[in-house]
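A.B. asks: The amino acid sequence is not available; the structure is as follows:
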Ligand SMILES: Cc1cc2nc3c(=O)[nH]c(=O)nc-3n(C[C@H](O)[C@H](O)[C@H](O)COP(=O)(O)OP(=O)(O)OC[C@H]3O[C@@H](n4cnc5c(N)ncnc54)[C@H](O)[C@@H]3O)c2cc1C
Ligand code: FES
Ligand code: FES
């Protein structure tokens, strides 16, 4: 552990600009002659767009234009890992969650843009709304993405609806059958975690400007993946990467939420369309509806242990609700599974994980990337086992803890900096834990 | 002090247009207030601290036609003490209620409830009148007002009327106030007996939280140490703040130590009519109602 | 509608609409973008300013309601190049991360210390209870307020 920084009060280069209010976050910028952008979003979580009436809205004084998919028929889908998200929902196609964009309203003032947004008429044909991933994988559930073939492997159980499975993963270490045979006690439980919003204090927000001399779009907006965002914007509107500049302002927090594209593509289109500076700022509600969440996971954990309290086998099935779009889902659910035993040593492990499409807001990155959900499951398993074995839960953890040389579920041999035991010792100290541990 | 002007020079003025369309009234006296109400009754939106109104109308404030702002009505900000009553103007803020020693002494439950509202930023603006007129079942000042038998003075172009706070609320965010009526003040009677009170607010965290359930309790003890009057009121567990009259009856004419806490807690838990919502399930609320009644009664009786 | 108010010691005359919030007036019309908007509904405290010596959420105050008032925003806290002790303490204690909550946090700290120059930890927490910080976990912010209080006490002054 670095003694120079950890636990110290660090002076930060930008702190002064932030305590004086001088630091400029995206919404603090100012452009002359700037237009205001609002997004008309889905009116139902799963429905076919039948008609979009923008005439009444367009006639409002001060509305500059309203962009729909009709105006830009060649837009490409975007997404962090898999490009499955529409920039604008096309007529006759489906909205898949409440955040899907139907139209981009551009007006002289924010107020006019809001008024116009509320005047847009939307006609839809409702479809079954799937909010439960377990429903999504039933054979008769309607597919959320008709056009995608899932990235499923051979391990997949044959009775599952492959259409709504974005991706599955399989994990195997040792011989789990043997491990469970050796166990004196087996505990099996199901754990569920919920959606969590990362809630960075600043909402998604930004400006864009089209420079006609250079044929270049500049976007001032926060991104955790500057170059990925640049590339994604470019490909989605069919421009070359060099023509898109993302300018990073101060960022009002992110915690994973700003890994995904948010205001960027809509801003780029609006700037291109009007050739004037444009501003788009989400409200808190909009940020919650339209941008990623921590994945809710359903974790089925089965753990075997010997009567003297050593873990012999662990199997896990992880079902991740990735919502309407992939975002970081394939990686998050995958990584979560790899952490199924937490910091505890188990010889024999088996795991499967599925990231599943539903009509919920899509799951993305959030601090821990799937591992915090797993911690809820494995630490609960450890407590339950300790209780059943009548062993001090601290002792039980301690004697199963990783040490140098331990091998993780995915086969990584831990070479250095393995502080699990020391951590448990400190916790016992700090918590004034009454039990004794046998070192 | 740093000059800001340089910051501002080239900024286009975004406000200021189309003000003529609608009116913004800021009466300074009751007479002026009544005149405005008589003239504009229909399209008038009343604003006190704005902490409910501005939230409810977020991003559509422009839809509001004519505003009636009560903030310059100094006479509505008074707290007046009499021998037999205290009058609290409707424009008194939570901050003042929670900082005034007299309120703390006379009505500790109201004082504590006001101190628990929202945050410093909300308490500095939010008013007792706004809390009452919003009439949310979770309005934190409502149970305290009910246990102190508060009355409300309502004025309008036609005159005035005084109603019991207990009769004022008719449903979630509904009350008996008619168009063109203004809540002028809250009148709380003062009695000679000794008060023993408790306030418990349960929410998902300690600050900035709407109550999942709340309890206000007040027992008046007479000279012979008997409970002369009992008031138990639960918030957020029915369409309106709810007095539990069966429980109140069961406590009467007893000494503090004679109260059967378990029995009363049971009654309270059964008499409320909670719903499942984002702040908790009905089942949870019944259980917590039981627990907080137990806790409040133990506190006041030292049992 | 024309209103007159004093912002950070400067007298200002501004035309406002009835629906203009104090927050919009400060950020848009006066260019004081140090005051932030995180929710627009009184929940986060990023928009906190001091109005007539009271802490307010400027997203829940109409600009018209600030007529004749005295407003202090984060931009008015330091004189020229010298930072206010609270600002210094936030820097020194490493209490600033993304910084979006910080102007509001500092205004709440200022109001708290104006009222009580020797607050307990519980009083600090209560004073800052209307401000959400998603980055820091609050520990260093509370440390900073303690340090600022200490500095301000030993200097025997409550304002710069
Ligand atoms: C972040 C936040 C936290 C909150 N926390 C709490 C809490 O913990 N507990 C709680 O109880 N409340 C809470 N509230 C709600 C609110 O602050 C209170 O209800 C407050 O007392 C409302 O008063 P106001 O003066 O701001 O009302 P306003 O918003 O000005 O008015 C509310 C309504 O009452 C009407 N009105 C106001 N005064 C009068 C009058 N004298 N005569 C007739 N009509 C009138 C208005 O027209 C409006 O419809 C919170 C609000 C926010 C934004
Ligand atoms: S923006 Fe005002 S409290 Fe959040
Ligand atoms: S420093 Fe980021 S929210 Fe407080």
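C.D. replies: That came through, no problem. In this text, all values refer to a predicted model and were calculated from it rather than measured experimentally. Ligands and ions are numbered 1, 2, ... in the order given.
A.B. asks: What pLDDT does the model give the residue in chain A that ligand 1 sits nearest to?
C.D. replies: For chain A, the residue closest to ligand 1 is residue A:284, as judged by CB to the nearest ligand atom, at 12.3 Å. (Glycine included, C-beta is placed from N, CA and C.) Note for residue A:284: predicted pLDDT of 98.
A.B. asks: Please identify the nearest residue in space to residue 16, excluding sequence neighbours.
C.D. replies: Going with chain A. Spatial nearest neighbour of residue A:16, excluding adjacent residues (CB to CB, 6 or more residues apart in numbering or on different chains): residue C:91 at 6.1 Å.
A.B. asks: could you do chain C instead?
C.D. replies: Nearest to residue C:16 is residue C:63, by CB to CB, 6+ apart, at 4.1 Å.
A.B. asks: need the contact list for residue 95.
C.D. replies: You didn't pick a chain, so chain A it is. Neighbour list for residue A:95: A:42-47, A:49, A:89, A:102, A:124 [criterion: CB atoms under 8 Å, 6 or more residues apart in numbering or on different chains].
A.B. asks: sorry, should have said chain B
C.D. replies: Here residue B:95 is in contact with B:114, B:120, B:123-124, C:54 (CB under 8 Å, 6+ apart).
A.B. asks: go with 7 Å
C.D. replies: B:123-124 (CB atoms under 7 Å, 6 or more residues apart in numbering or on different chains).
A.B. asks: secondary structure element for it?
C.D. replies: Using DSSP states H and E, residue B:95 sits in helix B:94-99.
A.B. asks: and residue B:146, how many neighbours does it have?
C.D. replies: Around residue B:146 there are 25 other residues, counting by other CB atoms under 10 Å in any protein chain shown.
A.B. asks: gap between it and ligand 3?
C.D. replies: 39 Å (CB to the nearest ligand atom, to the nearest Å).
A.B. asks: helix, strand or coil for the nearest residue to that residue once chain neighbours are set aside?
C.D. replies: Spatial nearest neighbour of residue B:146, chain neighbours left out: residue B:233 (4.4 Å); criterion: CB to CB, 6+ apart. Look at residue B:233: counting by DSSP: H, G, I helix; E, B strand; the rest coil, its state is strand.
A.B. asks: number of nearby residues for the residue nearest to residue C:86 when sequence neighbours are not counted?
C.D. replies: Leaving aside its sequence neighbours, residue C:86 sits nearest to residue C:148 (CB to CB, 6+ apart; 4.3 Å). Residue C:148 is flanked by 26 other residues according to other CB under 10 Å.
A.B. asks: contacting residues around residue C:148?
C.D. replies: By CB under 7 Å, 6+ apart, residue C:148 lies in contact with C:85-86, C:89, C:109, C:113.
A.B. asks: and which of those residues is nearest to residue B:212?
C.D. replies: Lowest distance from residue B:212 to the contacts of residue C:148 (CB to CB) belongs to residue C:109, with 29.8 Å.
A.B. asks: which stretches of the stretch 201-303 of chain B form helices?
C.D. replies: Applying DSSP state H, counting those that start in this stretch to the stretch 201-303 of chain B gives helices spanning B:245-251, B:261-271, B:282-301.
A.B. asks: following the helix or strand hosting residue B:103, which helix or strand shows up next?
C.D. replies: According to DSSP H and E, residue B:103 maps onto helix B:101-106. Moving toward the C-terminus from helix B:101-106, the next helix or strand (DSSP H and E) is helix B:108-115.
A.B. asks: just checking, what packs against that following helix?
C.D. replies: For helix B:108-115, the packing partners by 3 or more CB pairs under 7 Å, 6 or more residues apart in numbering or on different chains; DSSP states H and E come out as helix B:94-99, helix B:101-106, helix B:142-147, strand B:194-202, strand B:213-221.
A.B. asks: re the thing from before, for the residue nearest to residue A:16, which residues are in contact?
C.D. replies: Counting by CB under 7 Å, 6+ apart, residue C:91 makes contact with A:11, A:15-16, A:19.
A.B. asks: just checking, which of those residues belong to helices?
C.D. replies: Taking DSSP state H, the ones among these that sit in helices are A:15-16, A:19.
A.B. asks: Buried ones among the residues you listed?
C.D. replies: A:15-16, A:19 (16 or more other CB atoms under 10 Å in any protein chain shown).
A.B. asks: now, which of those residues sits nearest residue B:57?
C.D. replies: Nearest to residue B:57 among those, with distances taken as CB to CB, is residue A:19, at 33.2 Å.
A.B. asks: pLDDT score assigned to the closest one?
C.D. replies: Taking residue A:19 on its own, its pLDDT is 97.
A.B. asks: can you count the residues close to residue B:84?
C.D. replies: 8.
A.B. asks: can I assume it is in contact with residue B:188?
C.D. replies: No: between residue B:84 and residue B:188 there is no contact, the gap being 10.2 Å when judged by CB atoms under 7 Å.
A.B. asks: if you skip the residues just before and after it, what's nearest to the residue nearest to the spatial centre of chain A?
C.D. replies: Residue closest to the mean C-alpha point of chain A, counted by CA atoms, centre = their mean, is residue A:364 at 0.6 Å. Nearest residue to residue A:364, sequence neighbours excluded (CB to CB, 6+ apart): residue A:292, at 2.6 Å.
A.B. asks: now the helices: where do they sit in the stretch 301-439 of chain A?
C.D. replies: Under DSSP H, counting those that start in this stretch, the stretch 301-439 of chain A gives helices at A:329-338, A:371-389, A:393-400, A:420-430.
A.B. asks: Report all helices and strands that the first one contacts.
C.D. replies: When you say that, I think you mean helix A:329-338. strand A:165-173, strand A:311-323, strand A:348-357, helix A:371-389.
A.B. asks: tell me how far that helix is from the chain's mean position?
C.D. replies: When distances are taken as CA atoms, centre = their mean, to the nearest Å, helix A:329-338 is centred 11 Å away from the chain's centroid.
A.B. asks: Not counting that helix itself, show me its contacts.
C.D. replies: For helix A:329-338, the surrounding residues in contact (CB under 7 Å, 6+ apart) are A:81-82, A:166-167, A:169, A:171, A:295, A:297, A:316, A:318, A:320, A:322, A:351, A:353, A:355, A:363, A:365, A:369-371, A:373-374, A:409-410.
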